[in-house]
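Q: Model the structure of this input:
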Amino acid sequence: MTPSDIEHRFAFHAATTDAHTSIRQACRRLADQLNEQVPDGREKSLAVTKLEEVMFWANAALAREA
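A: Numbers count the residues shown, from 1 in each chain. Just a heads-up that it's a prediction; the model follows:
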């Protein structure tokens, strides 16, 4: 890993594309569905947390590529 790799990973990357919004909205719809259909508990909590991670990493990939 080079210093420029580190800088790129930790630099600010603005969410500037329509894809960011689309991904966020799709994840929100799935979160709503999980919330309605899955019983409360640790498993549901983990599923929603992992969905947040999906949204984060997908949007980070878009922002870092721009």
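Q: Tell me the helix or strand right after the helix or strand containing Q33.
A: Using DSSP states H and E, Q33 maps to helix 18-37. Per DSSP H and E, the first helix or strand lying C-terminal to helix 18-37 is helix 42-65.
Q: The helix holding Q33 packs against which elements?
A: helix 42-65 (3 or more Cβ pairs under 8 Å, 6 or more residues apart in numbering; DSSP states H and E). In this view, the C-beta of every residue, glycine as well, is placed from N, C-alpha and C.
Q: For the helix it packs on, what is the distance to the chain centroid?
A: 3 Å (Cα atoms, centre = their mean, to the nearest Å).
Q: Same check on stretch 29-41?
A: For stretch 29-41 - counting by Cα atoms, centre = their mean - the centre lies 17 Å from the chain centre.
Q: before we move on, what about stretch 57-66?
A: 10 Å.
Q: got the CA positions of that stretch in PDB?
A: Provided in PDB are the C-alpha atoms of stretch 57-66 (Å, rounded to 0.1, in the frame of the first residue of the first chain):
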ATOM      1  CA  TRP A  57     -19.500   0.700   0.800                       C
ATOM      2  CA  ALA A  58     -21.500   1.000  -2.400                       C
ATOM      3  CA  ASN A  59     -21.600   4.800  -2.100                       C
ATOM      4  CA  ALA A  60     -17.900   4.900  -1.100                       C
ATOM      5  CA  ALA A  61     -17.000   3.000  -4.200                       C
ATOM      6  CA  LEU A  62     -19.000   5.600  -6.300                       C
ATOM      7  CA  ALA A  63     -17.500   8.600  -4.600                       C
ATOM      8  CA  ARG A  64     -13.900   7.300  -4.600                       C
ATOM      9  CA  GLU A  65     -14.100   6.500  -8.300                       C
ATOM     10  CA  ALA A  66     -15.300  10.000  -9.300                       C
END
